[in-house]
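> pasted the sequence and its predicted model underneath.
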Amino acid sequence: MDREAAKIRIEELSKEIERHNYLYHVLDRPEIPDAEYDRMFRELAELEAEHPDLASPNSPTQRIGAPPLKAFATHRHREAMLSLDNAFGEEELVAFDQRVRRFLSMPTEQPIEYLCELKIDGLAISLTYQEGALAVGATRGDGEQGEDVTPNIKTIRQIPLHINEAAMLEVRGEVYLSRSEFRRINREREEAGEPPFANPRNCAAGSLRQLDSRITARRQLRFWTYGIAGGDQFATHMAMLEHARALGFPVNPHSQIVTDISGALDYCRAWQDRRHELDYETDGVVIKVNNRGLQRELGFTNRAPRWAVAFKYPSEQVTTRIREVTWQVGRTGALTPVAEMEPVEVRGVVVSRATLHNEDEIRRKDIRVGDTVVVQRAGEVIPEVVEVVLSARTGQEQPVRTPPNCPVCDTPVQRDPQYAVVKCPNRDCPAQAVERIHHFVGRNAMNIEGFGAKWIKRLFEEGLIRDAADLYALSEKRDQIISLDRMGDKLADRLLTNIEESKTAPLERLIMALGIPMVGEQGGRLLAQAFGSLDRLMQAREEELIAIDGVGPETAREITAYFADYRNQEFVQRLMRHGVVGISSKPEPAGNQLEGLTFVFTGTLERMDREEAEELARRYGAKTTGSVSKNTTHLVAGPGAGSKLLKAQELGVPVLTEQEFFAMIGL
Ligand code: IVH
């Protein structure tokens with residue numbers, strides 16, 4: 001493709017990809033399958049690689065991150081990013097309304113319209129657009145100046161890279177992480193033996209302040225808009241938000257205008273419980289005078305606007321005492337400290353244990369046995385110790401000691417110098433064995449229901465199972481299971497049926513269930529797709545693994561190390577002997593005419609779309625890939641073919657028409 005054509009195509013693809021980003025990430029209304037999106041994205045990336053000078057700094061390809069920075073530059077805010085005054089309790093909210101009235105000399109009878117918004121628990125950021133393009137994304141910092149984190153901001157797919165407004169515009173809002181994404185990230189970190197994040201906010205902050213934006217890109221940060229700096233042209237705050245929405249920014253749908261402060265009180269009451277149903281954390285409600293003219297009259301103190309207030313929900317924190325710290329041994333042998341506390345109620349749930357995460361966390365918070373501590377429950381997240389109440393110290397408190405030996409199997413522990421983790425190195429440690437089985441049956445793995453931690457432990461202690469492969473031999477031990485206290489035949493049969501049914505679990509889940517370090521849900525999917533069977537995965541060499549898009553060298557090393565261990569080989573073979581092979585989602589074979597060939601499809605096909613053609617090729621034994629390389633044996637090109645056709649011609653790869661392709665398989 002010549003330069004001029006490439007330029008046009010790059011622009012066309014960029015626009016189209018961003019339109020689909022918006023449909024998917026902001027409107028939640030995708031119009032095309034993911035594969036189609038991926039293909040456009042790949043085509044754009046290829047074109048940019050061929051014509052680096054045509055790649056815009058605001059290309060959608062920037063959403064996957066850019067090479068790491070050495071340090072962040074400082075960004076001075078054009079207008080200070082202020083904080084908000086808090087209102088604790090309903091009286092303080094009423095007092096806010098009275099303050100506003102006094103300042104405006106407005107009688108009580110005259111209603112004031114307020115805009116009620118959820119207060120999102122994330123980080124404030126500022127987005128500057130120049131000539132319609134995102135120029136700077138910066139953190140709040142001290143309010144006067146923050147850090148320029150533009151490459152990281154560009155990875156947030158809800159934030160437009162271009163807007164339809166040429167004048168300089170600064171949009172402000174909150175970057176946050178959904179609860180579900182937070183859990184996914186922590187699961188992944190635990191799998192990799194890294195210490196988990198304490199809560200979504202910390203995780204969002206850590207993700208946004210990465211010098212390597214490719215790491216940020218792997219965490220699905222999200223954004224809610226709360227204002228436009230300046231914004232004098234708008235009559236109301238709501239009109240300002242509507243304008244932002246029309247420009248493509250995500251605006252929280254739960255914002256609501258009320259006619260007076262009692263309406264605001266109703267809003268706060270209504271969301272007190274409802275907010276826990278949301279997939280993101282909120283810590284209150286922000287109440288703003290809606291009229292921009294009144295806002296201007298009210299102005300600012302030196303720390304906050306007089307026209308807004310943050311209503312904070314009553315604390316979900318309580319204090320209690322730490323009786324002792326125990327150490328839990330995980331699947332990978334990592335020891336996690338757990339605070340055993342005097343039971344207290346937090347939001348209707350009695351809490352007596354909380355994870356202390358790791359040694360660093362204990363040191364940072366200076367937690368000692370006997371300490372009075374503040375404990376909180378955030379959403380469904382496990383309870384955590386927020387801080388020590390230092391004033392309650394008696395001098396009798398004891399420092400937390402990391403045990404020299406595994407509390408379960410007594411093997412001397414080892415320290416992982418890279419992370420703040422202490423590990424039990426004994427693979428046969430009963431705690432690890434039980435946790436491995438627990439992981440295997442988990443909802444994201446083989447999903448064997450009715451098999452909680454307690455039963456796994458019981459069966460293990462009774463010697464009925466030593467590892468997950470033994471589950472599939474349990475049907476022969478039905479009598480022994482039934483005789484267990486509290487089991488009975490109903491429960492036993494349900495368990496056995498569920499175990500039997502799990503034999504049809506897809507390959508990707510079986511791979512994930514094995515518990516190979518660094519291989520989670522996503523890894524399972526990639527490996528299942530690439531190898532199609534457990535047998536082939538077991539034979540995979542490190543180079544083959546690294547060649548898979550999404551598998552890094554460290555993961556590849558973990559995978560080969562896992563299968564090199566004879567105990568794992570034996571375990572997997574026993575699974576397979578029981579018929580647990582992982583059902584491959586590979587298409588049914590239809591013939592072998594294309595065996596050993598690697599096809600790439602490009603351009604528009606007439607008889608079917610590209611995905612269908614690819615699947616067809618695979619059913620006849622071919623491999624299909626998205627880009628042309630020296631391994632490509634055939635390119636099938638329809639009208640509109642571009643860079644791939646060029647590349648194929650350059651490499652001397654045979655190019656087929658659609659008809660010629662169908663002829664090869666006799667269709
Ligand atoms: S308005 C002049 N609206 O809360 C300040 N802030 O405690 C304008 N926040 O720094 C802020 N949700 O990071 C506003 N709906 C919302 C918000 C919100 C969360 C954060 C924001 C601010 C902090 C103040």
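Happy to help now that I have it.

> name the nearest residue to the residue nearest the centre of the chain, ignoring sequence neighbours.
For the chain, Glu181 is the residue whose C-alpha lies nearest the centre (CA atoms, centre = their mean; 3.1 Å). Among residues not flanking Glu181 along the chain, Gln220 sits closest, at 4.8 Å (CB to CB, 6 or more residues apart in numbering). Heads up, the C-betas are built off the backbone N, CA and C, glycines and all.

> for the residue nearest to the centre of the chain, give me its contacts.
Going by CB atoms under 8 Å, 6 or more residues apart in numbering, Glu181 touches 200, 219-220.

> tell me where the stretch 451-600 of the chain has helices.
Counting by DSSP state H, counting those that start in this stretch, the stretch 451-600 of the chain has these helices, from start to end: 453-461, 478-482, 488-501, 507-513, 521-531, 534-539, 542-546, 553-564, 566-577.

> and the third one, C-alpha only, in CSV?
What follows is helix 488-501, C-alpha atoms only, in CSV (Å, rounded to 0.1, in the frame of the first residue of the first chain):
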residue,chain,number,x,y,z
GLY,A,488,-25.2,-39.0,54.3
ASP,A,489,-26.0,-40.5,50.9
LYS,A,490,-27.8,-37.5,49.4
LEU,A,491,-24.9,-35.2,49.8
ALA,A,492,-22.4,-37.9,48.8
ASP,A,493,-24.3,-38.7,45.6
ARG,A,494,-24.6,-35.0,44.7
LEU,A,495,-20.9,-34.6,45.2
LEU,A,496,-20.1,-37.6,43.1
THR,A,497,-22.4,-36.5,40.3
ASN,A,498,-20.8,-33.1,40.3
ILE,A,499,-17.3,-34.6,40.2
GLU,A,500,-18.4,-36.9,37.3
GLU,A,501,-19.9,-33.9,35.4
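
> and that helix, how far from the chain's centre?
Relative to its parent chain, helix 488-501 has a centroid offset of 34 Å by CA atoms, centre = their mean, to the nearest Å.

> residue in this protein with the shortest distance to the ligand?
Ala124 (3.2 Å; CB to the nearest ligand atom).

> am I right that that residue is in contact with Asp142?
No: in this structure Ala124 lies outside contact range of Asp142 using CB atoms under 8 Å: 11.7 Å.

> so which of these two has more stuff around it?
More neighbours surround Ala124 than the other of Ala124 and Asp142, with 19 against 9 (other CB atoms under 10 Å).

> nearest spatial neighbour of the more buried one, chain-adjacent residues omitted?
That would be Arg140: by CB to CB, 6+ apart, it lies 4.1 Å from Ala124.

> go ahead and confirm the one you found touches Val149.
No: in this structure, Arg140 is not within contact of Val149 by CB under 8 Å, at 11.0 Å.

> now do the shared contacts for those two.
Both Arg140 and Val149 are contacted by Ile125, under the criterion CB under 8 Å, 6+ apart.

> looking at the two, which one has more neighbours?
Val149 (25 against 20).

> what about the more buried one, distance to Ser502?
Taking CB to CB, to the nearest Å as the measure, Val149 falls 44 Å from Ser502.

> kindly report the same for Ala663.
Taken as CB to CB, the span from Ala663 to Ser502 is 44 Å.

> between the two, who's got more neighbours?
Set Ala663 next to Ser502 and count neighbours by other CB under 10 Å: Ser502 wins out with 23 against 11.

> what does the model give the residue lying closest to that one once chain neighbours are set aside for pLDDT?
Leaving out its chain neighbours, the residue that sits closest to Ser502 by CB to CB, 6+ apart is Met446, at 4.5 Å. On the pLDDT scale, Met446 is placed at 95.

> for the stretch 151-300 of the chain, just list every one of the helices.
Assigned helices in the stretch 151-300 of the chain, in chain order: 179-191, 200-208, 213-217, 237-246, 261-274, 292-298 (criterion: DSSP H, counting those that start in this stretch).

> so who does the residue nearest to Val351 when sequence neighbours are not counted touch?
Leaving aside its chain neighbours, Val351 sits nearest to Pro383 (4.6 Å; criterion: CB to CB, 6+ apart). Applying CB under 8 Å, 6+ apart to Pro383 gives the contacts 346, 351, 353-354, 375-377.

> mind redoing it with 10 Å?
316, 318, 339, 341, 344, 346, 349, 351-355, 375-377 (CB atoms under 10 Å, 6 or more residues apart in numbering).

> ok so, going back, gap between the residue nearest to Glu181 and Thr155?
Applying CB to CB to Gln220 and Thr155 gives a distance of 9 Å.

> repeat that for Gly640.
30 Å.

> and Arg187, by the same measure?
As judged by CB to CB, Arg187 and Thr155 stand 21 Å apart.

> tally of neighbours for Val636?
Applying other CB under 10 Å, I find that Val636 has 27 neighbouring residues.

> distance of it relative to Glu281?
The gap separating Val636 from Glu281 is 49 Å, by CB to CB.

> just Glu384 next, same as before
Counting by CB to CB, the gap from Glu384 to Glu281 is 13 Å.

> more crowded one of these two?
Using other CB under 10 Å, the more surrounded residue of Glu384 and Glu281 is Glu281, with 24 against 21.

> ok, back up a step: least confident pick among the contacts of Glu181?
Among the contacts of Glu181, Pro200 carries the lowest pLDDT, at 88.

> that residue touches Arg183, doesn't it?
Yes: applying CB atoms under 10 Å, one finds Pro200 in contact with Arg183, separated by 9.0 Å.

> still on that earlier bit, that's a helix at the residue nearest to Ser502, yeah?
No: counting by DSSP: H, G, I helix; E, B strand; the rest coil, Met446 is not part of a helix but coil.

> residue furthest from the geometric center of the protein?
Using CA atoms, centre = their mean, the residue of the chain lying farthest from its centre is Pro107. It sits 49.5 Å away.

> circling back to that earlier point, and Gly640 and Thr155? Which one has more around it.
Remark: of Gly640 and Thr155, Thr155 carries more neighbours, 25 against 10, as counted by other CB under 10 Å.

> not counting its neighbours along the chain, what's nearest the more buried one?
Thr155 sits nearest to Ala217 (CB to CB, 6+ apart), 3.9 Å away.

> residues in this protein within reach of the ligand, list them.
Residues of the chain lying close to the ligand (CB under 6 Å from any ligand atom) are 82-84, 117, 119-120, 124, 174, 226, 286, 305, 308, 310.

> out of the residues you listed, which is most surrounded?
Among the residues of the chain next to the ligand, the one with the most neighbours (other CB under 10 Å) is Glu117, at 26 neighbours.

> confirm it sits in a helix?
No: checked against three-state DSSP, Glu117 lies outside a helix; its state is strand.
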